[in-house]
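Peer 1: Got a predicted structure here, sequence first:
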Amino acid sequence: AVCAILVVTGRAMGSFSMTIRGLAVVAVVTTTRAAHIDVTVAHRLTPMHTVADYYISFALDNAFVREPGVLPPDATNSTRIDLANPRLRSLMTAVTGGLLRVGGTYTDFVHYGVAGTNSTPCPYPNMTHPGAECPGNSFPCCLPLGMDRWSELLAFGQAIGVKIGFNLNLLHGRWPQYTAAVQKKAAVPPPEKLAPWDPSNARALLEWTVAHVPQEQWPAALGLGNELAWFISPKTWADDVRTLKSLVAEVFPPSHVPEIYAPCNANGDSVKWGGEFLDACHASSAEDGAAEESPLAAFTFHGYQHSGATVEDVVRGLQGAGLDASKVFFESIAAVHAAHAPAGTKLWITETAFSASAPANAAHGGEAPDVPAAGMLRAADLPWMLTALGSAAEAGVDVFCKETLAGDWLETIGLWQPGPFAEYTAHPDFWVTGLWSQLMGPRVLGANTTDHVSPEPAPPPPPSGWIVDQGVSNSYNQCGINGSATIPYLGMVDSAASCQALCASTPDCTSFSWDSNPNGGAWSKRCFGRVDGVWDPVEVVDVVSGCDAAKLATCRPPPPPVRVFAHCSRRHPGTVAFAFASVTPAGSGGDSTMALQFPGATNLTVFTLTATDVAADWVLLNGKNITSPSDLENGAAVNGDTVTVPVGAVGFVEAQLPDASVPVCG
């Protein structure tokens, strides 16, 4: 049950704050009860999946690696990254071995500044602002990438120990048609009338790379295009990927051919369109009907499953079913991949974050941070970060690129909005990726959790007698829109408090449920009571429910929502590494701590991330400040099989289990 009322101080909602224990909003009534959760390994003999060694990876938009002076710092809400910054390079030691995928919005607007026979000048002189030649989402039309900056990017990858993946421009040769379509001056051309992709500028870049860049710095992977499913058909894109595959085979020696990935489309475009694209990649074009070898090494997609960008948006978005929204989407894409991709084709997320929504009126380009306008840069985002990593690995994703490394409102390292100390200070979710990279090995085991009823008696009811929870429903899927005999419809109201009052005035009503979503359709703002004495709420985003503890003995908050993931430990053979995330429903009467028990474990090493506030731009590791990646190396030793952590915290536990209990990790 979601305890309704956020503890909000008396400021306007534009600059609110919430006090938390761990990352949990402090309850109006606090208790010392502890939820008790048993955690066991789901797959002991063989892993359910094995991710790539470079699972923890990052995305970086081409706009952030642009030439200096091309755009002012605040244009497109992006800031140019300083690849030589020592703090940036120091932080990246925590996630060494990953992939840095350079692509994003500007992928198909970049022009590679290569001199020579295959170079083509930018054909659009009006390239500094929207106009007849430049759609408003793509100025400058030809974002220049000089070879000095390209070389710097590749050298940066080698210096920090990450692979470089680079998305190439798929609109080269198609700009007039694309511009006309974006500006609504012409319809999207059908596939047979779409101009062919012109690979000359891509060829020039790759040939220059082979001729001038040390082999150990060459890109490990090349993509083609970014989020163009609305404009390019699956078959056309697949044909263009084949062209790129042939080009790469011509340019690079056989021992160092980069992998090819595509199409990097977002959300719904990755489902039906993605299946057709995968089919087209290995469809037969031969007379004997034999399927061609797919040019793809990895099928790639983007996912942004929530809305809003403020701290409040993130907190509310992770209540109830919202905690698993990314998991559900990842599983849907994994199903498409399993049904359509040839054997051996990997599955990569090349962009994902809680939401793609840009903050309104937020600080830009190095100005002082505006706390409520940057929810994904704050401690509120930690539960999403950890559950997304765990859910993707269990769904079958091989590489997870967090959007973005640095440069906009989705960054994990402070550049667009510097951290609390200086530019290139880590935002909270970076430490989740750092700990995951160091502790969670590639073999994915899955975890089973069992909630135990707390042996302590229920806490005394709050003075009002009501325990109110947000993000759960006590009547979901149990009645029609007009209620039932045991779940009466009480009316349309504008607040949970009004719904509670209606229940209180209704004979035998001991609980209520109210849909708070103003855009919830027919169910929006409807209030339902419950007169049969049942209190068994389930997670439903945007619904507020409450029960009268003075009338109903079973009225108490449910155990806190907890997600736990298990992998073989990266550091210690035979050891299992668990990752956990909990979200405290905002409001009154919940558990303040939870005990995680790992039956059979002889000792545990614990890494718990907590914060003083969901709006904080820093976190503590086991109660201490994190000052550098070296602070991630040593956890807290716990004898036995149980650790107690604050509800709302996220973290990791290495569990030493009996030698034969999890053979897959031996």
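Peer 2: Arrived safely, thanks for sending.
Peer 1: What strands line up against the helix or strand harbouring Cys401, and which way round?
Peer 2: Cys401 belongs to strand 399-403 when elements are defined using DSSP states H and E. According to DSSP bridges, strand 399-403 forms sheet pairs with strand 56-61 (parallel), strand 346-352 (parallel).
Peer 1: How far off centre is that strand?
Peer 2: Offset of strand 399-403 from its chain centre (Cα atoms, centre = their mean, to the nearest Å): 8 Å.
Peer 1: I'd like to check the angle between the helix or strand just after it and strand 399-403, please.
Peer 2: Next along the chain after strand 399-403, taking DSSP H and E as the criterion, comes helix 428-439. Here helix 428-439 runs at an angle of 160 degrees relative to strand 399-403 (axes from the mean of the first three to the mean of the last three Cα atoms, to 10 degrees).
Peer 1: Report the distance from helix 428-439 to the chain centre.
Peer 2: Chain-centre distance of helix 428-439: 13 Å, with Cα atoms, centre = their mean.
Peer 1: now swap in stretch 650-665 and tell me
Peer 2: Between the centre of stretch 650-665 and the centre of its chain there are 26 Å (Cα atoms, centre = their mean).
Peer 1: Give the buried residues for that stretch.
Peer 2: Val650, Gly651, Phe652, Val653, Glu654, Ala655, Gln656, Leu657, Ser661, Val662, Cys665 (16 or more other Cβ atoms under 10 Å). C-beta here means a position set from N, CA and C on the backbone, and glycine is covered the same way.
Peer 1: ok, which pair from those is furthest apart?
Peer 2: Taking Cβ to Cβ as the measure, the buried residues of stretch 650-665 span a maximum distance of 25.5 Å, between Val650 and Ser661.
Peer 1: any weak-confidence spans in the protein?
Peer 2: For the chain, the stretches with pLDDT under 70 are 1-34, 71-78, 116-141, 284-292, 361-373, 452-464, 520, 557-559, 584-591.
Peer 1: Relative to the longest strand along it, what are the paired strands and their orientations?
Peer 2: Scanning the chain for the strand with the most residues, using DSSP state E, yields strand 538-548. Strand 538-548 pairs in its sheet with strand 466-473 (antiparallel), strand 511-515 (antiparallel), by DSSP bridges.
Peer 1: quick one: which of the ones you listed is nearest Ala393?
Peer 2: Closest to Ala393 of the strands paired with strand 538-548, according to Cβ to Cβ: strand 466-473, at 25.0 Å.
Peer 1: Pipe the strands paired with strand 538-548 into CSV and attach distance to Thr627 and mean neighbour count per row.
Peer 2: Below are the strands paired with strand 538-548 laid out as CSV (distance: least, Cβ to Cβ, whole Å; neighbours: other Cβ atoms under 10 Å):
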stretch, distance to Thr627, mean neighbour count
strand 466-473, 35, 28
strand 511-515, 45, 29
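Peer 1: Which of these sits closest to Ala601?
Peer 2: strand 466-473 (31.5 Å).
Peer 1: Past that closest one, which element shows up next along the chain?
Peer 2: As assigned by DSSP H and E, the chain's next helix or strand after strand 466-473 is strand 489-492.
Peer 1: helices or strands up against that following strand?
Peer 2: In terms of contacts (3 or more Cβ pairs under 8 Å, 6 or more residues apart in numbering; DSSP states H and E), strand 489-492 is packed against helix 496-504, strand 526-530.
Peer 1: Just name the most buried of those.
Peer 2: Mean neighbour count, computed with mean count of other Cβ atoms under 10 Å, is highest for strand 526-530 among the helices and strands packed on strand 489-492, reaching a mean of 26.
Peer 1: what's that one packed up against?
Peer 2: Applying 3+ Cβ pairs under 8 Å, 6+ apart, one finds that strand 526-530 makes contact with strand 489-492, helix 496-504, strand 511-515.
Peer 1: JSON lines for these, including distance to Glu152?
Peer 2: Shown next, in JSON lines, are those (distance: least, Cβ to Cβ, whole Å):
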{"stretch": "strand 489-492", "distance to Glu152": "60"}
{"stretch": "helix 496-504", "distance to Glu152": "54"}
{"stretch": "strand 511-515", "distance to Glu152": "53"}
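Peer 1: Tyr223 and Gln470, how far apart?
Peer 2: I think there's a mix-up here, since residue 223 is Gly and not Tyr. Distance check for Gly223 against Gln470: by Cβ to Cβ, to the nearest Å, it reads 40 Å.
Peer 1: Just the closest of the buried residues of stretch 650-665 to Thr602, please.
Peer 2: Lowest distance from Thr602 to these (Cβ to Cβ) belongs to Gln656, with 5.2 Å.
Peer 1: Distance of the closest one relative to Gly574?
Peer 2: 8 Å.
Peer 1: Could you do Ser484 as well?
Peer 2: 54 Å.
Peer 1: Most remote residue from the middle of the chain, which is it?
Peer 2: Within the chain, Pro507 marks the point farthest from the mean C-alpha position, 45.9 Å out by Cα atoms, centre = their mean.
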